[in-house]
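Asker: no sequence on this one, just coordinates:
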């Protein structure tokens, strides 16, 4: 799977979140093979991610957006999209969930692809590292909160046995 971290506007969020909740809940039985070594972070501790984000002007070659809900029960729901020539070129549904055991995982379902599950392997709320070494690409997804309130998303892994990474500098934007 080849994903990019992207977003959709607020108008589409409600429908996408309902669809994601239905499909993602059925697939949570398939978990990442990496055991989570992270301490017991809670969704409230990582709720800084909630809200709307867009590519940082003049700092990213991507025109993407991402939107995350506040914690709702045991999950935070997300959607993403990337624009090319003014059209949505790719999109994905995302879910960060806390299991009954307290472990947090990231589920990503890019359009036209199978869902991938990544285990939280970090123990710092301001730097969320999710890993799945069995995924084709990426094997690692990192959300890092910056001191100025911006965010950096980074995806890492191997493509044809060569290291590959993509960086997505993001800033907050209004959700309406």
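Answerer: Received, thanks. Just so we're clear, the structure is a prediction, and the values are computed from it rather than from any experiment.

Asker: Under a three-state scheme, what state does residue 119 occupy?
Answerer: strand (DSSP: H, G, I helix; E, B strand; the rest coil).

Asker: That one contacts residue 105, doesn't it?
Answerer: Yes - if you go by Cβ atoms under 8 Å, residue 119 and residue 105 touch, sitting 5.4 Å apart. For glycine as for every other residue, the C-beta is placed from the backbone atoms N, C-alpha and C.

Asker: contacting residues for residue 174?
Answerer: residue 52 (Cβ atoms under 8 Å, 6 or more residues apart in numbering).

Asker: now residue 120
Answerer: 36, 38, 41, 103-106, 128-130.

Asker: quick one: which of those residues is nearest residue 89?
Answerer: Closest approach to residue 89 among those (Cβ to Cβ): residue 106, at 22.1 Å.

Asker: in its sheet, what does the host helix or strand of the closest one sit against?
Answerer: Residue 106 belongs to strand 104-110 when assigned by DSSP states H and E. If you go by DSSP bridges, strand 104-110 pairs up with strand 87-98 (antiparallel), strand 116-120 (antiparallel).
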